[in-house]
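> Kindly generate the corresponding structure for this input.
(chains A and B, ligands or ions: 2)
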Amino acid sequence: MPKDEFDPEDPMELVGVELPAGSEEGLREMALTFAEEFIRSGFSEDRVLAMFKNPFYQGPYLVWQAKGEVYVNQMIQQAKQMWRP
Amino acid sequence: MNQVYNWQIGRAMTYPHAEAHPKWQFAFCFNLNRCIGCQTCTMACKSTWTFSKGQEFMWWNNVETKPYGGYPQHWDVKILAKLEEENPDGQRWNGGPTQDPKKPYGVFQGKTIFEAAEKHIGLEPQRVLGYLPTDEEWRFPNIYEDTAVSKKGEPMSFDPEGVKLPEHKTWFFYLARLCNHCSYPGCLAACPRNAIYKRPEDGVVLIDQKRCRGYRKCVAACPYKKSMYRPSTRVSEKCVACYPRLEGKDPQSEGMPIETRCMTSCIGQIRLQGLVKLAEDGSWVEDRTNPLYYLVKVAKVALPLYPQFGTEPNGYYIPPRWVPRDYLKQMFGPSVDHAIETYTVPDRELLAVLQLYRRSKQIIYRYKIEEGPKVFETQIHGRPFTLYNDTVIAYNKANREIFRTQVEEPFYVRPNIHQNSI
Ligand code: SF4
Ligand code: SF4
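Residues are numbered from 1 along each chain as shown, chains lettered A, B, ... in the order given. Ligands and ions are numbered 1, 2, ... in the order given. Next up is the predicted model:
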């Protein structure tokens, strides 16, 4: 079987794991951390936004997909207010 | 069994050998808020030490996506479950962090892997509670994590959309791991041939390849699963902390100790490694301007990984801010709240020390901060904050300046045509 196809019979397959505490607050904190860390390192707002929109950056992309650009922009603005007022 | 003092669990514990400590100890502080899971560290290690026959499934350094990933698979869940089985509902900390340097995280009241083994009744008596992972568990270091696979029928290519990658819609973070060169190594304790030793000069834990007979007791005993069996030589191997670099023997180092390959290659700049000075009783000698001493003992932002296992690991982590606290407390102990608060609104010194990360290969023995002008005042997470553009200066073993950098760092973007040049 090619390694990129999923097989429910495969004993190595991770199945049915539900994790508690995947909260709105957690998601917000995660998004804000990404924004803060990169703004702190000197990234421009555009570059940070581009990262959120790039599917290869799974963490930020997950937020952008779930919450949309307006939300992500708010996070970036908040980070900017803190670290580049 | 002997009694030894383990400051990370705030009490004495049993250990198969008498207490003894090196003069200096290899240690590192990783900032998990910054790891991007690029695996550059993993490949740096692989291409240096484990690229030969028989080492195919051996990753001395690995980066796993928590909470669902692990190498070998489920290593931490399994050992936690075993401990729980030996001591049902007893794996708890008493109280919280204290100011007492002998018990900074409080006192762990449960059983360590050494204590739990005493009562464990199984087929064979064990010195250390552990288990031997199966071949399958070793084989797939990042199975079903978010590591990209190439597009079908197009080897060596990436899917530009990336949307076919397995997706986990929850919080997650990358946990970069290597051998912790523990103060009370589980691997060393379990070895029936005394083939494993801890170097008195730097605390690095090594397996004597000539003495080892491949019984794999260390593989079972290391709670972090960082001792690995090599079928082609029939002996076990583990991370050697790039000791020629630590000794200043690398041709690049001009005689000065330099950090390991995995540390110096870190793209996310999450890694800082060095040596800390130990007193005879194993406590850290006050060394106020050693960055590791500052991060672990003064600011207390960096915490040991699963201190309750009892091996006194020397890898420390700044916990990721967004992860549910219960999960983090199980992983890093009761001081998580303090560490996260401190990191989220850093003070002047912490901000400067964080700038030391990955500016040089050389091990930083000391830093100095020169105060700079006030840049702005603001509120960070509701707390007043002032940013000063301080300069932080790093010194090597010979007390020579390695580099100086500022809190407000200039940012350069390398032009496209030079992206892959050295
Ligand atoms: S992490 Fe494991 S292999 Fe490394 S010193 Fe500790 S017990 Fe031994
Ligand atoms: S090189 Fe650094 S950022 Fe990349 S995976 Fe390793 S620890 Fe994380």
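> show me the contacts for the residue nearest the centre of chain A.
A centroid search over chain A (C-alpha atoms, centre = their mean) returns residue A:60, at 2.3 Å, as the residue closest to the centre. Shown in contact with residue A:60 (C-beta atoms under 8 Å, 6 or more residues apart in numbering or on different chains): A:31, A:34, A:51, A:52, A:54, A:72. All C-beta atoms are positioned from the backbone trio N, CA, C, and that covers glycine.
> Of these, which pair is most distant in space?
Maximum pairwise distance among the contacts of residue A:60 (C-beta to C-beta): 14.6 Å, between A:31 and A:54.
> Between those two, point out the one with more neighbours.
Taking other C-beta atoms under 10 Å in any protein chain shown, residue A:31 and residue A:54 do not tie; residue A:31 has more neighbours (26 against 13).
> Verify the stated contact: the more buried one with residue A:68.
No: applying C-beta atoms under 8 Å, one finds residue A:31 not in contact with residue A:68, separated by 11.5 Å.
> What is the burial count for the residue of the stretch 201-350 of chain B found nearest ligand 1?
Across the stretch 201-350 of chain B, no residue is closer to ligand 1 than residue B:222, which sits at 3.2 Å (C-beta to the nearest ligand atom). By the criterion of other C-beta under 10 Å, residue B:222 has 31 neighbours.
> Helices along chain B, start to end?
Under the criterion DSSP state H, chain B carries helices at the ranges B:40-49, B:75-86, B:113-119, B:135-139, B:186-190, B:217-221, B:243-246, B:261-264, B:291-293, B:325-332, B:336-344, B:348-354.
> Mind putting those into JSON lines with mean neighbour count and distance to residue B:5?
Below are the helices of chain B laid out as JSON lines (neighbours: other C-beta atoms under 10 Å in any protein chain shown; distance: least, C-beta to C-beta, whole Å):
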{"stretch": "helix B:40-49", "mean neighbour count": "19", "distance to residue B:5": "32"}
{"stretch": "helix B:75-86", "mean neighbour count": "18", "distance to residue B:5": "21"}
{"stretch": "helix B:113-119", "mean neighbour count": "21", "distance to residue B:5": "13"}
{"stretch": "helix B:135-139", "mean neighbour count": "15", "distance to residue B:5": "34"}
{"stretch": "helix B:186-190", "mean neighbour count": "27", "distance to residue B:5": "16"}
{"stretch": "helix B:217-221", "mean neighbour count": "25", "distance to residue B:5": "21"}
{"stretch": "helix B:243-246", "mean neighbour count": "20", "distance to residue B:5": "26"}
{"stretch": "helix B:261-264", "mean neighbour count": "23", "distance to residue B:5": "29"}
{"stretch": "helix B:291-293", "mean neighbour count": "23", "distance to residue B:5": "19"}
{"stretch": "helix B:325-332", "mean neighbour count": "18", "distance to residue B:5": "21"}
{"stretch": "helix B:336-344", "mean neighbour count": "19", "distance to residue B:5": "23"}
{"stretch": "helix B:348-354", "mean neighbour count": "20", "distance to residue B:5": "28"}
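> For ligand 2, find the nearest of these.
Checked against C-beta to the nearest ligand atom, the stretch from the helices of chain B lying closest is helix B:40-49, at 3.3 Å.
> returning to what we had before: just give me the least confident of the contacts of residue A:60.
Model confidence across the contacts of residue A:60 bottoms out at residue A:54, which has 89.
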